[in-house]
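Chemist: What shape does this take:
(2 chains)
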Amino acid sequence: MTPPAHRGRPAQDVTDTFEKAGTLTTNRFPGAERIGAPVHVSGPDAPWHRVRESMDRYGNAVVHTTWGEWLTTAVADPALRPLLGRDWQRYRRTGDPTLRYRFVASRLATKFTAAAALRVDPVEIDLAYKIGGRPYLRGLDQIDVSLTHTDDLIAVGISREGRIGVDAEPVDRRMSYDLLQSHVLTPAERIELEALGEAERPAEMLRLWTLKEAYTKALGQGLRLGFTEFGFGVGSGELLAPDGRPAAHGEWAFVTRRVLGRYLLSVASHDAGLGSARDTAAATMLDEGFMGAVTELLD
Amino acid sequence: MRELTAAAMTTIAEITQRPAGGKGGQEADALARAARLEALLGDPYDPANPHGLRALFAADARREPPAVTEALLTEEGLGAEFVPVAHGGRLTRADLLARVLRPVFRRDVALGFGYGIISLFATGAVWAAGSARQRQDVADLLLTGRRATILHHELAHANAILRDEFTARTAPGGYRLSGRKDVIINARRADLQVAYVRTDAARGPRSHSVLLLDPAGQRPEHAHHLPRVRTPGMRGALFSGLEFTDCPVPGDALVGAAGEGVSLALRTFQVNRSLICGVVTASAGTVLHSAVRAASEGRSGPLAKRWHKPLAGVFADLLACDAMATVVLRALSLLPAGAHLFAAAVKYVVPELLREDLEELATVLGARGYDHESPEYGALDKLARDLPVAGLGHAGSASCQAVLVPQLRGLAERSWFAEDEPPPELFRSGAELPDLDYRVLGIAGGGDFMAASLVGCATRLAASRGVGGHIAALAALAEAFVTELRALQERCRSLPTPGTALTDPAVAVLSDRYSRVVGAAAILGIWEGQDGGAPFLADPAWAVLALSRLGERLGIPVPDLPEGCQEQVVDELVRRYRDGRSCDLDAVAYAL
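Modeler: Next comes the predicted model:
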């Protein structure tokens, strides 16, 4: 989701502010070490083993790519229709070529990323949507998935421990602190941001915006959950109620990282605490004993 | 406090004297027991109530079982609810058991599990295949307020609760048990351990057996208790580990035959799965109440328009979940040979649906959802943590898919569009049903009465397609699900025969689609089975909304919601909130 832009200000100023504020890598947040570093993938042949490595190590993986890297597949692959599955109609209906290729690239990136963890052919995945639009992998709930795109960037997050949400924005996206702070920030966040220099505030607000997007997308709700209803500790990265009290019990991890030099990518990752199996392969999910006992009686 | 107790006693007296009304005797008795429990537990929102939500949330935060409320349940002899009437208990039917337990689950899922329901999950194997002696011993145990726990065997893609298992080798006089398992509920305080143990190294359906273990007879060199495990969900439940080293187990501890463990798990899990769905739906009702409270707080007029969609949608989902759970719980009595199929489908659908509903309600609750200690608003946070533990996440749903997948081809070839509809009593509240008998529950085959019911209902509705309004929308939705069943049939006919490798992810996808289609059949069946006593349920509006949402998740084309449909559901929800009634099919009165 693109935040409302403030058009009265040159983009470059904000980028400079960001660099000065030094807020681009926020690994200092507690919990950030629980989220895998973004893996760059360049189309269908990308190094998918890195996704599996991240899943093994963190229980989640975040990939980023640009839609141009999927253009060959989008244009030439005869398997595009089965690859898109139920999204084929939407693809066909999209007239604008840029939107069309971005759409197809984002779906392909999602399917290939999930397929790497499930160890299946991407064509076998049925990418479906919940009420409110959250994508999910039908019948294969060992993996939760989230997708975001902005300009030419596409990012996908997958997790086996619980919900995951990703959101990206160009670092030079213009956001007017004065116009938007009352719509985006909680009272506690405003107090923290107002302690920063005036020049740093818009950049910090943009970062908070991506975190809020990532969190509400993890919940499958997006903007339906008001952004002033919850917040983050600007220094701590902790999920907070609007008055600054802790809002969670450590089950959430958040991180914002800079990718391709020009995008902020925020990730919200929930751990439901079940200690899920490391094995997320589709081929091993159906219990042999149960299937065997049922099959035996059907013969 | 004295007033509170006096008020509760008056209510209890009134309830006990209430005439049976139109419901069958067993049903009336069960509803009266539920009402009595509700009254004893008292007003959940009263901060001074020792069994209220404030006290329960506080115990959860301290990671302790709520001692005072557990004592109350013991005093009430809740354990008798898990013992069949033939053995001196109060268990007649699974659907009635769910109703009796709801007052507990409405307040605290972890209490419902940790105090009680786990005893039934554990002892199901004994009711299914135990000897007369075993049955009587277990009955005596539960009737005297003691507990049983279950030591699961390891299932595919096991999470912490299902991971690892025990192994028993035959030895003179019985078995020797070894192995370690870290996350077992009530491991330390259970008076009986029902263990699903590996007795055959070979893989396959006869690899495991069920043994009854007596903790009192275990010597320290053979049985070692491991430390408590802190779980993020059900924080107050007591999870800990057990390690056995060559622990002697007498031969008469075996339940049923050697090698019968997997099939006993399948037989009893269908009851457990169905019950879980029936009771956690009630837990979600508490969160829905808190969301309506949040949306109406400080307003004298109607609810803000923007909350209509999430509130009506979640209410329709809860009614749908209750419809699915109620139908399968009744099927366990009425159609025991074939209920296993629908039990797996319902358990596959319901926990995830409820999880999404909680997330949707988070938008309505907003910042109030972070008031964790507040009885008015704390239920969201607690249930969002407890629900995955109750539903067991992916491992739980995959174990349901393992039951469904091998049957899909046969159903497509022989059952769908071919079988007769189930008896109408399946859907009719108040109808007399046989008692639940674990011994006659099937674990495979037995046809597909829900698919037949869907087709039958859609056929009867077809005549209403042209008349417009809610009923026409309902007819169109029923037809859309039938079309999906036809597409599934086409696809499932070309699956490999059972017994050959079913590891293609396409089968997992098909089991998902199938589960939602038969879920729709329960909504239609419950709507059609109304006798007019509940005008809101007899009107199609709730079913239209519930089926639209189910269809949207399924990705089938659904017609636009007819005018007034959502408003009608919201109006009923607000009425129930104001009257203090539950957000399920029963609309039972809360203790307020």
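Chemist: Can you give me the end-to-end span of stretch B:85-93?
Modeler: 10 Å (CA to CA, to the nearest Å).
Chemist: tell me which residues in it are buried?
Modeler: By neighbour count on 16 or more other CB atoms under 10 Å in any protein chain shown, the buried set for stretch B:85-93 is B:87, B:89-93. All C-beta spots, glycine's among them, are computed from the backbone N, C-alpha and C.
Chemist: I'd like to know how many residues surround residue B:531.
Modeler: 12 (other CB atoms under 10 Å in any protein chain shown).
Chemist: Flag every residue of the stretch 51-200 of chain A that's near chain B.
Modeler: Contact residues, the stretch 51-200 of chain A versus chain B (CB under 8 Å from any CB of the partner chain): A:86, A:118, A:120, A:124-126, A:128-132, A:138-142, A:160, A:162.
Chemist: same thing but 6 Å
Modeler: Applying CB under 6 Å from any CB of the partner chain, one finds that the stretch 51-200 of chain A approaches chain B through A:86, A:120, A:124, A:126, A:128, A:130-131, A:138-142.
Chemist: Dump those residues to a markdown table, plus neighbour count and secondary structure.
Modeler: Formatted as a markdown table, those follow (neighbours: other CB atoms under 10 Å in any protein chain shown; DSSP: H, G, I helix; E, B strand; the rest coil):
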| residue | neighbour count | secondary structure |
| --- | --- | --- |
| A:86 | 13 | helix |
| A:120 | 22 | coil |
| A:124 | 19 | helix |
| A:126 | 20 | coil |
| A:128 | 21 | strand |
| A:130 | 17 | coil |
| A:131 | 21 | coil |
| A:138 | 23 | coil |
| A:139 | 26 | coil |
| A:140 | 26 | coil |
| A:141 | 21 | coil |
| A:142 | 26 | coil |
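Chemist: Turn the buried residues of stretch B:85-93 into CSV, columns for distance to chain A.
Modeler: Formatted as CSV, these follow (distance: CB to the nearest CB, whole Å):
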residue, distance to chain A
B:87, 27
B:89, 29
B:90, 31
B:91, 26
B:92, 28
B:93, 25
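Chemist: okay, among the residues of the stretch 51-200 of chain A next to chain B, which ones form the most distant pair?
Modeler: Maximum pairwise distance among those (CB to CB): 25.9 Å, between A:120 and A:131.
Chemist: where do the strands sit along the stretch 151-299 of chain A?
Modeler: A:153-159, A:164-170, A:231-232, A:239-240, A:252-259, A:263-270 (DSSP state E, counting those that start in this stretch).
Chemist: The last one: how far from the chain's middle?
Modeler: For strand A:263-270, the gap between its own C-alpha mean and the chain's C-alpha mean amounts to 6 Å (CA atoms, centre = their mean, to the nearest Å).
Chemist: could you check the angle strand A:252-259 makes with it?
Modeler: Orientation check (axes from the mean of the first three to the mean of the last three CA atoms, to 10 degrees): strand A:263-270 against strand A:252-259 gives 160 degrees.
Chemist: What of the first one?
Modeler: Orientation check (the same axes, to 10 degrees): strand A:153-159 against strand A:252-259 gives 150 degrees.
Chemist: avg pLDDT for strand A:153-159?
Modeler: Averaging pLDDT along strand A:153-159 gives 98.
Chemist: likewise the last one?
Modeler: When the per-residue pLDDT values of strand A:263-270 are averaged, the result is 97.
Chemist: now what about it, what contacts it?
Modeler: Residues from elsewhere that reach strand A:263-270 (CB atoms under 6 Å, 6 or more residues apart in numbering or on different chains): A:35, A:38, A:60, A:62, A:153, A:155, A:157, A:159, A:162-171, A:210-211, A:214-215, A:218, A:251-257, A:259.
Chemist: which residues of the chain score low on pLDDT?
Modeler: No chain was given, so I picked chain A. A:1-28, A:299 (pLDDT under 70).
Chemist: To clarify, I was referring to chain B.
Modeler: Those would be B:1-23, B:499-502, if you go by pLDDT under 70 across chain B.
Chemist: okay, which residue of it is out on the far edge from center?
Modeler: residue B:172 (41.1 Å; CA atoms, centre = their mean).
Chemist: Please report how far that residue lies from chain A.
Modeler: 28 Å (CB to the nearest CB, to the nearest Å).
Chemist: where's that residue relative to residue B:248, distance?
Modeler: 9 Å (CB to CB, to the nearest Å).
Chemist: Quick check: neighbours shared by these two?
Modeler: Counting by CB under 6 Å, 6+ apart, nothing touches both residue B:172 and residue B:248.
Chemist: tell me which parts of the stretch 151-300 of chain B are close to chain A?
Modeler: Going by CB under 6 Å from any CB, the residues of the stretch 151-300 of chain B near chain A are B:155-160, B:203-205, B:231-233, B:262-263, B:266.
Chemist: Report the two of these separated the most.
Modeler: That would be B:204 and B:232, which, of these, are the farthest apart (CB to CB) at 35.2 Å.
Chemist: Between the two, which is the more surrounded one?
Modeler: A count of neighbours by other CB under 10 Å puts residue B:232 above the other of residue B:204 and residue B:232, at 18 against 15.
Chemist: show me what contacts the residue of the stretch 1-150 of chain A found nearest chain B?
Modeler: Going by CB to the nearest CB, chain B is nearest to residue A:139 of the stretch 1-150 of chain A, at 3.6 Å. By CB under 6 Å, 6+ apart, the contact list for residue A:139 reads B:508-509, B:512.
Chemist: quick one: which of these sit in strands?
Modeler: Residues of the contacts of residue A:139 located in strands (DSSP state E): none.
Chemist: all helices for the stretch 101-250 of chain A, in order.
Modeler: Using DSSP state H, counting those that start in this stretch, the helices of the stretch 101-250 of chain A run over A:177-184, A:187-194, A:201-218.
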